[in-house]
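Trainee: Need the 3D shape of this:
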Amino acid sequence: FEEAIATLKRFLPKDAVLVGQNVLKDVEWAGLKAGEDFGGMIDLTPLFRTWNPQFKSYSVFSLEHCAKCLLGSQDSGAAHNAVTE
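Mentor: Sure thing, here's the model as predicted:
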């Protein structure tokens, strides 16, 4: 794990903008630091959520669901694949 993170830090451009759903959790998990290991982040979570009045909370759609609805992408039925989502 440590070797993989070290490689990521070595090749990740210092001005890279990381984009994802709740991307801060991934950044924390990998031990990355904004301004040091990468330039910034864009969290897509607020873009793909809707208010659920029944539960009085937001429902967040998966990136797979968003790709299917917005891009016509089809789920292969395989397990989660971060490369294709």
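Trainee: For this structure, which helix or strand comes out least confident on mean pLDDT?
Mentor: Every helix and strand of the chain was ranked by mean pLDDT, DSSP states H and E. The lowest is helix 63-71, at a mean of 84.
Trainee: chain center to that one, what's the gap?
Mentor: 14 Å (Cα atoms, centre = their mean, to the nearest Å).
Trainee: Show me what counts as buried in that helix.
Mentor: Buried residues in helix 63-71, counted by 16 or more other Cβ atoms under 10 Å: 63, 66, 67. Every residue, glycine included, has its C-beta placed from N, CA and C.
Trainee: got a list of what the most centrally placed residue in the chain touches?
Mentor: Central residue of the chain (Cα atoms, centre = their mean): residue 20, 2.4 Å from the mean position. With contacts defined as Cβ atoms under 8 Å, 6 or more residues apart in numbering, residue 20 is in contact with 26, 41, 42, 43, 44, 63.
Trainee: Buried ones only from those, please, as a PyMOL command.
Mentor: Burial among those is assessed by 16+ other Cβ under 10 Å; the matching PyMOL selection reads:
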select buried, resi 41+44+63
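Trainee: what's the closest of the contacts of residue 20 to residue 15?
Mentor: Residue 15 lies nearest to residue 41 out of those, by Cβ to Cβ, at 12.6 Å.
Trainee: mind showing which ranges of this structure have poor pLDDT?
Mentor: 75-85 (pLDDT under 70).
Trainee: if we can go back for a sec, name the helices or strands packed onto the least confident helix or strand of the chain?
Mentor: Contacting helix 63-71 under the criterion 3 or more Cβ pairs under 8 Å, 6 or more residues apart in numbering; DSSP states H and E is no other helix or strand.
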